[in-house]
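# Give me a model of this one.
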Amino acid sequence: MRSRDDILDAVYKRACGYAAQEVVEEYAVVDGALELVKRRVTVKDVPPDMTAAKMVFDSGDVSDLTDEQLEAERVRLMRELEKKKK
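Numbers count the residues shown, from 1 in each chain. Got it, this is the predicted structure:
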């Protein structure tokens with residue numbers, strides 16, 4: 001079972017956005033045994049999520065942020081909202 005901190009960390013990660021690595025491996029039967037033929041690793045950027053950001057701010061877990069960090073986050077979120085409106 002996940003702890004509250006684990007869940008808050010996951011929500012914070014989603015609120016800020018992250019890069020996810022995806023590995024696709026293809027196997028073939030060679031001489032009667034499975035053998036790795038191709039391996040492709042891609043990195044996908046997951047954009048910040050406004051709902052998760054709101055949850056982080058509403059949970060009060062921003063007390064560790066400085067005023068400058070809070071202002072930067074506010075500006076970033078406002079830009080995201082403007083993009084979504086267009």
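
# any idea how far Ala10 is from Glu25?
Distance, Glu25 to Ala10, by C-beta to C-beta, to the nearest Å: 26 Å. Heads up, the C-betas are built off the backbone N, CA and C, glycines and all.

# Oops, could you answer that again for Asp67 instead?
Distance, Asp67 to Ala10, by C-beta to C-beta: 26 Å.

# Of those two, give the one with the bigger neighbour count.
Ala10 (12 against 7; other C-beta atoms under 10 Å).

# Just give the nearest non-adjacent residue to the most centrally placed residue in the chain, would you?
Geometric centre of the chain, nearest residue: Tyr18, 3.3 Å, by C-alpha atoms, centre = their mean. Using C-beta to C-beta, 6 or more residues apart in numbering and skipping residues adjacent in sequence, the residue nearest Tyr18 is Val46, 5.4 Å away.

# pLDDT below threshold where in the protein?
1-2, 4, 59-65 (pLDDT under 70).

# helices or strands next to the longest helix along it in the packing?
As assigned by DSSP state H, the longest helix anywhere in the chain is helix 67-85. Packed against helix 67-85 by the contact rule (3 or more C-beta pairs under 8 Å, 6 or more residues apart in numbering; DSSP states H and E) you find helix 50-59.
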